[in-house]
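*Asks:* Give me a 3D structure for the following:
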Amino acid sequence: MDQQQIPMPKQSPLYHAIHRDRYERQALMKELEKITGRRILVYISNLTHPDSAITREDIAPFYEIVASLDDQSDVDLIIESPGGDPNAAETLVHTLLSKAKHLRVVVPQAAKSAATLISLSADEILMSNTSELGPIDPQVSIPTVLGYQYRPAQAFLNGLEMIKKEHVNGQPLNSAYLPFLQGVDAALIDFCHKSIEHSKRLAIKWLSRSMHKNNPLKAKRIAETLINIDKYPNHGSVIGYEEAKAMGLNIVYKSDVDEDWQIMWRLYTRYLVYMREKQAIKIFESNSASVMF
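*Replies:* The predicted structure follows:
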């Protein structure tokens, strides 16, 4: 074969070989971008890793991939995350919206908690049969007999009300409550109330700028549903595409035979396998920028 016909990488052959997985993912990304006419950003977390939550450490690498966009781009954000800090999520959204004219969030599998909040900033959310969002009730560190553990803020407040009612009714205080009550103070109670209001406020804010910009009452109703622990008592509750759509979110369903979704799924599975092999925690990637740790 004529050597002129063989496409040569811009990088040196050895460097390209070492990083071939990334270049193959980015080539697939470019192929999908040609089909959709949209730029693709990827934020994939290893759901099995204890450090996979959204934190402020994500801001710099996320900025790196957003900076590769042109102004006023149509953007597809492919996201996989268990959630995390809503304040960090807010900064990620502001960074993304500084470049995006139209934003679609693509959920191959799981965008939970604060990642669901990020999804609410999109003009539409692409989901399929494997996709799930989750409730946005904030988790706070609560003292327990096993030490400090994360619990839903509203569940903590509900527990306090239950103890209060028992005490008012003259029942002796259950000794099991004592370790819990010893770590409770007014500041913690106030923090729980404010955390709940903060998550709700962010959800309303982003829904009001995207899917329901002309319907703030609907944005408020969706936010109140997503934060309702009576409806979603488990923080890991699955909200599939049908339920998300019935809730009022602008969901675009993609079947497993949809050609665009098949390419997105191929791209997603490459990240899954690569992260398992490299024991990576997170990958941030565009067609020209890549950060992994």
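*Asks:* Now do the strands in this structure.
*Replies:* 39-45, 73-80, 100-107, 124-127, 139-144, 147-152, 251-253, 282-285, 290-292 (DSSP state E).
*Asks:* Looking at those, spot the one closest to residue 175.
*Replies:* Closest of those to residue 175 is strand 139-144, at 14.5 Å (criterion: CB to CB). Every residue, glycine included, has its C-beta placed from N, CA and C.
*Asks:* as a whole number, average confidence for that closest one?
*Replies:* On average, the pLDDT along strand 139-144 is 72.
*Asks:* Which helix runs longest in this protein?
*Replies:* Longest helix in the chain by number of residues, with DSSP state H as the criterion: helix 186-209.
*Asks:* who are the neighbours of that helix, in terms of helices and strands?
*Replies:* Packing partners of helix 186-209 (3 or more CB pairs under 8 Å, 6 or more residues apart in numbering; DSSP states H and E): helix 86-97, helix 114-119, strand 139-144, helix 153-168, helix 216-226.
*Asks:* can you tell me which of these comes nearest to residue 271?
*Replies:* helix 114-119 (15.1 Å).
*Asks:* can I get the helices and strands packed on helix 186-209 in JSON lines with mean neighbour count?
*Replies:* Compiled in JSON lines, those are given as follows (neighbours: other CB atoms under 10 Å):
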{"stretch": "helix 86-97", "mean neighbour count": "19"}
{"stretch": "helix 114-119", "mean neighbour count": "28"}
{"stretch": "strand 139-144", "mean neighbour count": "16"}
{"stretch": "helix 153-168", "mean neighbour count": "15"}
{"stretch": "helix 216-226", "mean neighbour count": "17"}
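*Asks:* Dump the ones you listed to TSV, plus distance to residue 128.
*Replies:* Compiled in TSV, these are given as follows (distance: least, CB to CB, whole Å):
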stretch	distance to residue 128
helix 86-97	22
helix 114-119	14
strand 139-144	27
helix 153-168	31
helix 216-226	20
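*Asks:* right, and the ones you listed - which one's nearest residue 79?
*Replies:* With CB to CB as the criterion, residue 79 lies closest to helix 114-119 of those, at 5.8 Å.
*Asks:* mind checking how far that closest one is from the chain centre?
*Replies:* Chain-centre distance of helix 114-119: 4 Å, with CA atoms, centre = their mean, to the nearest Å.
*Asks:* Show me what it is in contact with.
*Replies:* Helix 114-119 has contacts (CB atoms under 8 Å, 6 or more residues apart in numbering) with 53-54, 77, 79-86, 88-90, 92-93, 105, 107, 111, 125, 133-136, 199, 202-203, 206, 226, 239.
*Asks:* Now the weakest link among the helices and strands packed on helix 186-209, please, by mean pLDDT.
*Replies:* strand 139-144 (a mean of 72).
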